[in-house]
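A.B. asks: Just the structure for this:
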Amino acid sequence: MADTLTIGKALNLGLRRAMEDDPKVVLMGEDIGKLGGVFRITDGLQKDFGEDRVIDTPLAESGIVGTAIGLALRGYRPVVEIQFDGFVYPAYDQIVCQVAKMHFRSRGKVSLPIVIRIPFGGGIGAVEHHSESPEAYFAHTAGLKVVACSNPSDAYWMIQQAIASDDPIVFFEPKRRYWEKGPVDTDSAPFALHESVVTRPGSDVTVLAYGPMVRTALDAATAAEEDGRSLEVIDLRTLSPLDMVPVYESVRRTGRAIVVHEAPGNLGLGAELAARITEECFYSLEAPVLRVTGYDTPYPAARLEEEYLPDLDRVLDGVDRSFGW
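C.D. replies: Numbers count the residues shown, from 1 in each chain. Predicted coordinates for the structure are as follows:
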């Protein structure tokens, strides 16, 4: 039987279940213990599991990730929270030069089962450094796996799957969707962690999205239906490795593809997706692969963010442009 949960609560329950199942799972981050995190994702976990397993850290992201590396080397499964997306950069050297390379450097003898949780994206009216989309940096980095949940069911299952993995995983959470609700069946078999999923079947255009933009794509599909256009929406879920099989199958049927993400378009995930689709589905395409993205500027002040973020109208404009070719 499915319960209706928010994404935030689903993540909390997923973390709780992982900690119950494995005493080597430890959580680390700024204000995640007594406060329960700025978004309350870890609320109540320190009370139930103790300060040795839910650890309030100093404001030092490089130190947090560096400590997690040491714990992982000693057999623990650390889950670290980067409080906001824009705070990850002090830890970038640790993630890219150590976390991503240790397994290869040791010729496969050492694993680093670390999960790095990052609330990402805009739409919450925050100040500078609190609304960024840095996923392309990490998806580009060999040795890291990168995933992004978009709904409560995936949040619940994917965080557990990430923790159980022996690979280091950067886990992006759509912060402006934390309070959106959906069904979570805690007894059902989940999708594989690194698997793209068709969330709405369609026949005219394939719309690819992940994280916070999945809801936007679904809303656009509902609106497009009134104009007689059928949009197939695919939630990528995994950004590295990309699961392209459902994408290719869809594009070969629809002949059109649009990629939607909040991050700037220049060298974003949309560029890689467009290249791969063009290479594999060239003779099926009726139009170029189009991108609907954030602009190539630093994230703006909160009062301007609705002009920056891709919305339903911009996705529908992309659909119109695709049919205009």
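
A.B. asks: okay, now Ala72: neighbour count?
C.D. replies: 22 (other Cβ atoms under 10 Å). For glycine as for every other residue, the C-beta is placed from the backbone atoms N, C-alpha and C.

A.B. asks: Was I right to think it contacts His103?
C.D. replies: No: counting by Cβ atoms under 8 Å, Ala72 stays clear of His103, with 10.6 Å between them.

A.B. asks: which residues are in contact with both of the two?
C.D. replies: 111-112 (Cβ atoms under 8 Å, 6 or more residues apart in numbering).

A.B. asks: what about stretch 232-239, distance to the chain center?
C.D. replies: Counting by Cα atoms, centre = their mean, to the nearest Å, stretch 232-239 is centred 10 Å from the centre of its parent chain.

A.B. asks: Stretch 60-77 now?
C.D. replies: The answer for stretch 60-77 is 22 Å, by Cα atoms, centre = their mean.

A.B. asks: So what touches it?
C.D. replies: Against stretch 60-77 from outside (Cβ under 8 Å, 6+ apart): 22, 24-26, 28-30, 57, 78, 80, 82, 87-91, 93-95, 98-99, 102, 110-116, 163.

A.B. asks: Tell me the buried residues within those.
C.D. replies: 25-26, 28-30, 57, 78, 80, 82, 87-89, 91, 94-95, 98-99, 102, 111-116, 163 (16 or more other Cβ atoms under 10 Å).

A.B. asks: List the buried residues of whichever helix in the chain runs longest.
C.D. replies: Longest helix in the chain, counting residues (DSSP state H): helix 7-21. In terms of neighbour count (16+ other Cβ under 10 Å), helix 7-21 has its buried residues at 7-19.

A.B. asks: Do a quick rundown of the strands in the stretch 1-150 of the chain.
C.D. replies: 3-6, 25-29, 54-56, 77-81, 115-120, 145-148 (DSSP state E, counting those that start in this stretch).

A.B. asks: and the angle for the fourth one with helix 7-21?
C.D. replies: This means strand 77-81. 160 degrees (axes from the mean of the first three to the mean of the last three Cα atoms, to 10 degrees).

A.B. asks: need the strands of the stretch 1-150 of the chain in JSON lines with mean pLDDT and distance to Val198, can you?
C.D. replies: As requested, the strands of the stretch 1-150 of the chain are arranged in JSON lines below (pLDDT from 0 to 100; distance: least, Cβ to Cβ, whole Å):
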{"stretch": "strand 3-6", "mean pLDDT": "96", "distance to Val198": "23"}
{"stretch": "strand 25-29", "mean pLDDT": "98", "distance to Val198": "32"}
{"stretch": "strand 54-56", "mean pLDDT": "98", "distance to Val198": "37"}
{"stretch": "strand 77-81", "mean pLDDT": "98", "distance to Val198": "29"}
{"stretch": "strand 115-120", "mean pLDDT": "98", "distance to Val198": "23"}
{"stretch": "strand 145-148", "mean pLDDT": "98", "distance to Val198": "16"}
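
A.B. asks: Any chance of a markdown table for these, columns distance to Pro201?
C.D. replies: Below are those laid out as a markdown table (distance: least, Cβ to Cβ, whole Å):
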| stretch | distance to Pro201 |
| --- | --- |
| strand 3-6 | 24 |
| strand 25-29 | 37 |
| strand 54-56 | 41 |
| strand 77-81 | 35 |
| strand 115-120 | 28 |
| strand 145-148 | 22 |
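
A.B. asks: Of all those strands, which one is nearest Ala301?
C.D. replies: strand 115-120 (18.4 Å; Cβ to Cβ).

A.B. asks: Appreciated, that's everything.
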